[in-house]
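Q: coordinates for the following, if possible.
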Amino acid sequence: MRADADQDGRVSRAEWAAWWDARPGRGPYDPAGRFRAIDADGDGFLTAEEIDATSTKRFARLDADHDGRVVRAERPCRAK
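A: Numbering: from 1, shown residues only. Below you'll find the predicted structure:
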């Protein structure tokens with residue numbers, strides 16, 4: 001929710017784009033695609049609930065041994 005520049009409790013596409021543009025090299029390769037994937041209801045805004053749901057699913061996917069922790073060996077390789 002750090003991208004919520006106007007503090008209205010939701011992140012617009014413009015706020016999302018500005019947030020990632022200010023952080024080159026950090027974040028999703030395709031920020032617009034990532035926004036669409038998180039925006040579960042397709043209303044053009046991200047809520048804390050949508051972000052949390054996406055994070056929870058990703059954590060569960062990464063936690064290969066289902067021990068409630070993600071260790072380095074479970075993380076996908078990142079390009080440098």
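
Q: tell me the spacing between the most centrally placed residue in the chain and residue 35.
A: Against the mean C-alpha coordinate of the chain, by CA atoms, centre = their mean, the closest residue is residue 51 at 6.2 Å. From residue 51 across to residue 35, the span is 11 Å (CB to CB, to the nearest Å). For every residue, glycine as well, the C-beta is placed using N, CA and C.

Q: identify the residues contacting stretch 53-60?
A: Stretch 53-60 is contacted from outside by 37, 38, 40, 70, using CB atoms under 8 Å, 6 or more residues apart in numbering.

Q: for the residues you listed, which two are the farthest from each other?
A: 40 and 70 (22.7 Å; CB to CB).

Q: where in the chain is pLDDT low?
A: 27-28, 77-80 (pLDDT under 70).

Q: make it 90
A: 21-31, 58, 70, 72-80 (pLDDT under 90).

Q: so which residues of this protein form helices?
A: For the chain, the helices defined by DSSP state H cover 13-21, 31-38, 48-62.

Q: how close does residue 24 get to residue 13?
A: According to CB to CB, residue 24 and residue 13 sit 19 Å apart.

Q: hang on, the earlier thing: could I get the helices of the chain in CSV, plus columns for distance to residue 75?
A: As requested, those are exported to CSV (distance: least, CB to CB, whole Å):
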stretch, distance to residue 75
helix 13-21, 21
helix 31-38, 18
helix 48-62, 6
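
Q: so residue 75 touches residue 61, yeah?
A: No. Taking contacts as CB atoms under 8 Å, residue 75 lies outside contact range of residue 61: 11.1 Å.

Q: of the contacts of stretch 53-60, closest to residue 19?
A: Sorting the contacts of stretch 53-60 by distance to residue 19 puts residue 38 at the head of the list, at 12.7 Å, by CB to CB.

Q: what residues does that closest one make contact with?
A: 46, 50, 51, 54.

Q: out of these, who's the most crowded?
A: Most neighbours among these, by other CB atoms under 10 Å: residue 46, with 24 neighbours.
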